[in-house]
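**Q** return a 3D structure for these sequence lines:
(2 chains)
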2 protein chains.
Amino acid sequence: MRVAFLGPVGTYGEQAALQLLELEALEHAELVPQPGIRAVILAVASGDCEAAVVPVENSVEGGVTACLDALWEHPELSIARALVLPIRHALLGSGSLEGVSEVLSHPQALAQCSQWLADHLPAALQLPTSSTAEAARMVAGSRFRAAVASLQAAQEHGLEVLAYPINDVPGNCTRFLLLRRGQRQQEGPLVSLAFSLHSNQPGALLEALACFARRELNMSRIESRPSKREMGEYIFFVDLDLSAEHTTPSALTEALAELQPLCEHLVLFGAYPLTSRT
Amino acid sequence: MRVAFLGPVGTYGEQAALQLLELEALEHAELVPQPGIRAVILAVASGDCEAAVVPVENSVEGGVTACLDALWEHPELSIARALVLPIRHALLGSGSLEGVSEVLSHPQALAQCSQWLADHLPAALQLPTSSTAEAARMVAGSRFRAAVASLQAAQEHGLEVLAYPINDVPGNCTRFLLLRRGQRQQEGPLVSLAFSLHSNQPGALLEALACFARRELNMSRIESRPSKREMGEYIFFVDLDLSAEHTTPSALTEALAELQPLCEHLVLFGAYPLTSRT
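**A** Numbers count the residues shown, from 1 in each chain, chains lettered A, B, ... in the order given. All right, here's what the predicted structure looks like:
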């Protein structure tokens, strides 16, 4: 079994993939690194891999738009499991903090440490890279370049930990999804779906959301993405948490039956379990 | 009067600023370039500039999260006017398309041309920069580097237009806001507001949105951002379009009065006019 993830080795995506595969008792799967989030999803959609692990939301930076857009384009994919992983960034380099004049990392990681970098390295140039692990690879051997990456990346690339943790929000965490192709028989308390509406009229979205609220289905997340056709036309991504005691087994089926006629497209990505690490 | 914008000169932000100032009859204002979107908003919030022009939403890439987050942190700012500008990217360089091995641009611009770049320059390395104009500045003088930027940036930096237009979606456009500090006496058909809710219970968001729907106020946009405190807690950005014939003048006041007690924080960014260029 081949599982795509955002490479190279040493990324948070690799950590998430290893843990998700352990939870699914698939430890012997082969991890296949990909150059970008879109490529990770295409790898499983095209059949090159049997599964994929992608970040979908960060507690500070919000939804990972490349992931949401690619999911909408591939309704044949389903979510098998979710994992919330704490993200604790380190500043990695060689020598001392004082000598650092360039800081490299993925733009999201730089954003998550922006206050710390402004306080401790106000004069350093910030250079974006395709991943945190790629940044660690690029700074190896330099005394004036440092990378924002994980402690694990320090080991992989033989770097020193110049500062840790450096993320501005202590509770920084990212939710990862394990995606599979054409399997929708999972079971779990979280339900993810996405829809576009027939109408852009007042109250159209409200009518759609009322399908859930009427049955006391807890909407734990709503995120809008542009339809890319015209400004003001959106796709809505909704997560429902069915773990509440009062939720009846038929409530979801009923809600979806009521929602369907309001939608131009409605995609159900599955009901799946969520594991949170601290 | 000093007006902050995302520099350097030649960005779409500069074009938007020039047009917004013309619409406000403020042509003689001094444009002050800033290194990032956050810095643009801080420039007006701190009092260093009297106004600022920022991108808030792109029709393909969605909400500009740095802008939304900074607006939430600065409820003293208000929106004076909005402008929708068509975004037509060009590939700028020296020599021919065949010689290009590196393409530089802002990550959003690279994303907006990703299909064109995959089709025409599949082997070229894509390097992110802080703005499209900065990319144009950086490729000047090189025969193997090209920039994704505006036609105007070609003139500013003496570059040739190697291909135009290259954005994947023909209707690609961006909405820019003119922000001012502490002035809320504007008038116009668009209303922008943001709120966080007291409760994360089923139906809490629905109850909030019902305040608008009950009065047939057309919600033209909803966007969620993480609270950054804990995962699953959100801030909602809502735009209302009051231009419909049936909208009564008191409907907004009533809706806000009903919404207020449901909110932990409620920020009204003003009622303002929108101009669309094609």
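**Q** buried ones in whichever helix in chain A runs longest?
**A** If you go by DSSP state H, chain A has its longest helix at helix A:12-23. Going by neighbour count (16 or more other CB atoms under 10 Å in any protein chain shown), the buried part of helix A:12-23 is A:12-21. Heads up, the C-betas are built off the backbone N, CA and C, glycines and all.
**Q** near chain B too, which of these?
**A** Near chain B, judged by CB under 8 Å from any CB of the partner chain, there are no entries from those.
**Q** among the residues you listed, which pair sits farthest apart?
**A** A:Tyr12 and A:Leu21 (14.9 Å; CB to CB).
**Q** quick one: low-confidence parts of the stretch 1-150 of chain A?
**A** Scanning the stretch 1-150 of chain A for pLDDT under 70 picks out nothing.
**Q** please redo it, this time with the cut-off set to 80
**A** Within the stretch 1-150 of chain A, the segments meeting pLDDT under 80 span A:130.
**Q** quick check: residues of it near chain B?
**A** Contacts of the stretch 1-150 of chain A with chain B, taken as CB under 8 Å from any CB, map to A:38, A:57-63, A:65-66, A:84, A:107, A:111, A:114, A:128.
**Q** narrow these to those in helices?
**A** Among the residues of the stretch 1-150 of chain A next to chain B, the members falling in helices (DSSP H) are A:38, A:65-66, A:107, A:111, A:114.
**Q** one step back: nearest to B:Arg143 among the buried residues of helix A:12-23?
**A** Distances from B:Arg143 to the buried residues of helix A:12-23, taken by CB to CB, are shortest for A:Gly13, at 36.2 Å.
**Q** grab the nearest non-local neighbour of A:Leu104.
**A** Nearest non-adjacent residue to A:Leu104, counting by CB to CB, 6 or more residues apart in numbering or on different chains: A:Ala135, 4.0 Å away.
**Q** just A:Gly62 next, same as before
**A** B:Pro226 (4.9 Å).
**Q** per-residue pLDDT of the one you found, please?
**A** Listed pLDDT for B:Pro226 reads 87.
**Q** tell me where the stretch 151-278 of chain A has helices.
**A** For the stretch 151-278 of chain A, the helices defined by DSSP state H, counting those that start in this stretch occupy A:151-157, A:204-213, A:251-259.
**Q** and of those, who's closest to B:Ile79?
**A** Nearest of the helices of the stretch 151-278 of chain A to B:Ile79, taken as CB to CB: helix A:204-213 at 22.2 Å.
**Q** A:Leu179 reaches A:Pro55, doesn't it?
**A** No. Using CB atoms under 8 Å, A:Leu179 and A:Pro55 do not qualify as a contacting pair, with a distance of 11.7 Å.
**Q** more crowded one of those two?
**A** Using other CB atoms under 10 Å in any protein chain shown as the criterion, A:Leu179 and A:Pro55 rank with A:Leu179 on top: 30 against 25.
**Q** residues contacting that one?
**A** Taking CB atoms under 8 Å, 6 or more residues apart in numbering or on different chains, we find A:Leu179 in contact with A:41, A:44, A:51-54, A:71, A:77-80.
**Q** of those, which belong to strands?
**A** Residues of the contacts of A:Leu179 located in strands (DSSP state E): A:51-54, A:77-80.
**Q** quick one: which of those residues is nearest A:Leu121?
**A** A:Val54 (30.4 Å).
**Q** in the sheet, who's paired with that closest one?
**A** Beta-bridge partners for A:Val54, by DSSP bridges, are A:Leu177.
**Q** ok, now how distant is it from B:Glu61?
**A** Using CB to CB, to the nearest Å, A:Val54 is found at 18 Å from B:Glu61.
**Q** who's more crowded, those two?
**A** It is A:Val54, of A:Val54 and B:Glu61, that has more neighbours when counted by other CB under 10 Å, with 29 against 23.
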